[in-house]
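K.L.:
Sequence and predicted structure below; questions after.
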Amino acid sequence: MGKIIFLDVDGTLVDYENHLPESAVLAVGKARENGHRVYICTGRSKAEVYENIWEIGLDGMIGGNGSYVEDHGHVVMHQMITPEQCRHIVDWLKERGLEFYLESNAGLFASAGFEEAGDPVIQEYSRRKGKEGADKIKVRDAFPEMIFEGELYRDDVNKVSFILNQYQDYKDAVVEFPDLQAGTWGGAGEIALFGDLGVKNITKGNAIAHLLEYLHADVADTIAFGDAKVDIPMLEYCGYGVAMGSGGDEIKAMADYVTGDVDKNGLYDAFEKLGLL
């Protein structure tokens with residue numbers, strides 16, 4: 001077995017407008033031809049991994065920031081929010097007037113007002129990433145298969161993301177849900193755009209450990225690529241860590257190597273430097 005490569009998706013494999021660079025497709029294909037394994041390791045649930053991503057050739061995926069692990073169609077691990085926890089989350093968010101979406105392998109299920117409330121938030125998220133045309137990006141562009149009138153009391157939820165009206169919403173979620181892992185994304189600290197709630201003690205690094213045990217593989221043979229704070233545990237865990245040039249300061253400071261932006265052949269250049277091609 002060659003190297004085992006873990007790729008974050010948003011900001012690493014695809015840009016923040018969901019464009020998949022041809023150079024990234026080429027890099028993954030060549031690496032696998034050379035006997036290396038390639039997995040995506042993402043905050044997305046399986047329903048958000050669209051066909052164009054699978055078509056590049058992958059050995060499997062880690063989803064939900066570590067709650068789901070799959071190897072060649074075999075489910076290695078899947079830890080979900082319980083139905084009782086899901087009901088509690090949905091009721092609490094509704095009471096606070098916070099719009100949200102549930103992330104499951106069956107789809108993304110949005111609250112009634114998520115689209116209207118989410119458009120300006122998605123645009124701000126895109127602006128912060130320096131993307132052209134950010135003011136025109138809509139929720140339906142970012143989440144093309146989102147379900148807007150689905151059942152919200154569910155038994156198949158990996159995690160829940162919700163729009164922060166203020167940072168206090170995240171702080172209150174930490175107190176309200178001590179049995180869950182609360183986080184934020186779309187900005188650090190007070191400028192975060194979203195909060196999220198998932199299974200306690202789940203990280204991308206923890207999920208990689210489960211996969212390596214299943215594969216009987218050595219962590220020394222792993223390489224992780226990411227761009228955000230949530231990717232730090234997998235870069236810390238893996239044998240070698242690469243940060244994307246468009247990534248945050250925290251992950252770039254701790255990475256073994258910083259490559260270029262995703263849309264500037266960053267993935268291909270790093271694969272070439274590391275002898276994967």
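P.N.:
Perfect, thanks for sending it.

K.L.:
low-scoring pLDDT stretches of the stretch 151-277 of the chain, where are they?
P.N.:
Judged against pLDDT under 70, the stretch 151-277 of the chain has no low-scoring part.

K.L.:
can you give me the helices in it?
P.N.:
167-176, 204-215, 232-237, 249-254, 266-273 (DSSP state H, counting those that start in this stretch).

K.L.:
Now Val90. Nearest residue, chain neighbours left out?
P.N.:
Leu152 (5.0 Å; CB to CB, 6 or more residues apart in numbering). C-betas here are computed from N, CA, C, even on glycine.

K.L.:
again but with Glu17, I slipped
P.N.:
In space, Glu17 is closest to Lys131, 5.8 Å off (CB to CB, 6+ apart).

K.L.:
before we move on, back to that, so can I have JSON lines of the helices of the stretch 151-277 of the chain showing mean neighbour count and distance to Leu7?
P.N.:
Formatted as JSON lines, the helices of the stretch 151-277 of the chain follow (neighbours: other CB atoms under 10 Å; distance: least, CB to CB, whole Å):
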{"stretch": "helix 167-176", "mean neighbour count": "15", "distance to Leu7": "28"}
{"stretch": "helix 204-215", "mean neighbour count": "20", "distance to Leu7": "11"}
{"stretch": "helix 232-237", "mean neighbour count": "21", "distance to Leu7": "10"}
{"stretch": "helix 249-254", "mean neighbour count": "14", "distance to Leu7": "14"}
{"stretch": "helix 266-273", "mean neighbour count": "21", "distance to Leu7": "7"}
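
K.L.:
Distance to Thr222 for those - can I get that in a markdown table?
P.N.:
Putting the helices of the stretch 151-277 of the chain into a markdown table (distance: least, CB to CB, whole Å) gives the following:
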| stretch | distance to Thr222 |
| --- | --- |
| helix 167-176 | 31 |
| helix 204-215 | 7 |
| helix 232-237 | 8 |
| helix 249-254 | 16 |
| helix 266-273 | 14 |
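
K.L.:
How much space separates Cys41 from Pro178?
P.N.:
27 Å (CB to CB, to the nearest Å).
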